[in-house]
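> sequence first, predicted model second:
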Amino acid sequence: MKKYLALILVALAILACKKEVKTSNKPETIVDTIEEIDPLPSWNESDTKNAIMAYVKDVTNAESQNFIPVSDRIATFDNDGNLWSEQPAYFQLFFAIDRVKSLASDNPQWETTQPFKSVLEGDLKTLASFGEHGILELVMATHSGITTDEFEAIVKDWLSTAKHPRFNKPYNELIYQPMLELLDYLRANDFKTFIVSGGGIEFMRPWVENAYGIPKDQVVGSSIATEYDYNNGNPIIKRLPKIDFIDDKAGKPVGINKFIGKKPVFASGNSDGDLQMLQWTDSNSYKSFQLYLHHTDADREWAYDRDSHIGKLDKGLDEAIEKGWTVINMKNDWKVIYPFQVN
């Protein structure tokens with residue numbers, strides 16, 4: 001009897017041990033399967049990535065002295081050269097060039113009139129010599145005289161057919177994968193993201209929501225004048241051959257104040273044309289973040305800065321270094337450039 005009793009006690013002890021092991025291992029197994037998801041997987045581990053994430057974690061922490069209320073988490077991004085490429089010419093200029101070619105038969109005088117003549121002859125060097133004035137003349141001739149609905153349809157059609165001369169990809173596929181992740185990361189932390197660009201507002205509106213997740217009403221850009229026409233009971237908005245607003249350089253803080261109504265706490269750009277926007281953000285009473293994209297990758301994209309005729313980054317780079325703003329080194333900080341390069 002004693003022998004059987006001893007066996008029973010041993011069996012119970014073994015069962016108790018098994019039960020204890022199972023119970024103690026369960027929480028460890030659950031913990032081990034939980035992995036922190038990297039919100040910026042296309043960014044290399046670097047001071048740049050760490051600075052961005054440290055800022056976001058700080059200002060969204062309710063216990064931090066730097067906490068920013070959700071209603072004040074405004075982030076502004078330049079578009080050309082910052083969210084998509086801008087070389088060898090602004091993509092909207094390629095659009096205007098194609099518009100000149102498509103409208104040439106109705107405007108025979110363009111064959112002998114500059115800057116249209118250089119466009120029709122494919123002489124981009126001569127076209128570039130006319131500077132901003134020449135570009136504006138092209139824009140006025142090709143972007144006006146139609147309704148806003150007609151212009152939107154033309155932009156969408158162009159994007160569906162036009163290809164970039166170097167990559168042979170649609171222009172709206174040359175958007176930066178790391179910046180897409182940054183936009184998503186900010187929105188996941190209750191930042192409201194805006195585009196603030198020197199590009200045409202109605203050139204951007206038709207496609208930016210699909211590309212960046214930024215809706216039409218969160219786009220600030222340059223614009224030409226428009227007017228309302230009742231049109232015999234079928235109201236339209238006409239686009240006029242007249243500049244309304246230039247959203248570049250000092251125009252960017254003005255545009256932000258006019259259309260957003262709040263000073264950003266996060267601003268991102270890539271050129272001297274964005275400097276005033278970053279300065280305006282830096283003056284916020286909340287802790288702010290200024291981010292410059294430095295194009296340093298000639299193999300995967302382009303390398304340019306101080307002497308570039310497009311996206312010149314000179315004074316802005318000096319001020320970023322002086323003030324300790326964060327500068328993205330495209331070559332070193334980004335694993336990939338475009339979404340089509342993601343495995």
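Yep, it's here. Numbers count the residues shown, from 1 in each chain.
> can you list the weak-confidence ranges in the stretch 1-150 of the chain?
1-35 (pLDDT under 70).
> show me where it has helices.
Secondary structure of the stretch 1-150 of the chain (DSSP state H, counting those that start in this stretch): helices at 2-33, 47-59, 91-103, 116-120, 124-129, 131-143, 148-161.
> for the fourth one, output the C-alpha coordinates as CSV.
Read that as helix 116-120. Extracted in CSV, the C-alpha atoms of helix 116-120 (Å, rounded to 0.1, in the frame of the first residue of the first chain):
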residue,chain,number,x,y,z
PHE,A,116,7.3,78.2,-78.5
LYS,A,117,9.6,77.9,-81.5
SER,A,118,12.3,76.3,-79.3
VAL,A,119,9.7,73.8,-77.9
LEU,A,120,8.6,72.8,-81.4
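> quick check: closest non-adjacent residue to the spatially most central residue of the chain.
Geometric centre of the chain, nearest residue: L83, 3.1 Å, by CA atoms, centre = their mean. Once flanking residues are discounted, L83 sits nearest to M179: 5.3 Å by CB to CB, 6 or more residues apart in numbering. To be clear about C-beta, it is placed using only N, CA and C from the backbone, and glycine gets the same treatment.
> element containing the one you found?
In the assignment (DSSP states H and E), M179 maps to helix 177-188.
> identify each buried residue in that helix, please.
177-183, 185-186 (16 or more other CB atoms under 10 Å).
> tell me which of those residues is nearest to S197?
M179 (13.2 Å; CB to CB).
> what's the following helix or strand after the helix holding M179?
strand 192-200.
> what's the angle between that following strand and helix 91-103?
50 degrees (axes from the mean of the first three to the mean of the last three CA atoms, to 10 degrees).
> just the mean pLDDT for strand 192-200, thanks.
Throughout strand 192-200, pLDDT has a mean value of 97.
> which elements pack onto that strand?
Secondary-structure packing of strand 192-200 (3 or more CB pairs under 8 Å, 6 or more residues apart in numbering; DSSP states H and E): strand 74-77, helix 177-188, helix 208-212, strand 219-229, helix 251-255.
> tell me the first helix or strand C-terminal of it.
Next in line after strand 192-200, if elements are assigned by DSSP H and E, sits helix 201-204.
> tell me what that next one is packed against?
helix 148-161, strand 219-229.
> one more time with 6 Å, if that's ok
strand 219-229 (3 or more CB pairs under 6 Å, 6 or more residues apart in numbering; DSSP states H and E).
> angle of the helix or strand following the strand it packs on against strand 219-229?
Moving toward the C-terminus from strand 219-229, the next helix or strand (DSSP H and E) is strand 236-245. Calculated by the same axes, to 10 degrees, strand 236-245 forms an angle of 130 degrees with strand 219-229.
> go through strand 236-245 and flag the buried ones.
For strand 236-245, by 16+ other CB under 10 Å, it's 236, 238-239, 245.
> then stretch 100-107?
Buried residues in stretch 100-107 (16+ other CB under 10 Å): V100.
> so what would you say the end-to-end distance of that stretch is?
9 Å (CA to CA, to the nearest Å).
> same question, stretch 221-235
So stretch 221-235: terminal residues 24 Å apart, CA to CA.
> repeat for stretch 256-266
Start-to-end, stretch 256-266 (CA to CA) is 13 Å.
> got a list of what T326 touches?
48, 51, 291 (CB atoms under 6 Å, 6 or more residues apart in numbering).
> and the second one, what does it touch?
Counting by CB under 6 Å, 6+ apart, A51 makes contact with T326.
> state the distance from it to D106.
Remark: distance between A51 and D106 (CB to CB, to the nearest Å) = 53 Å.
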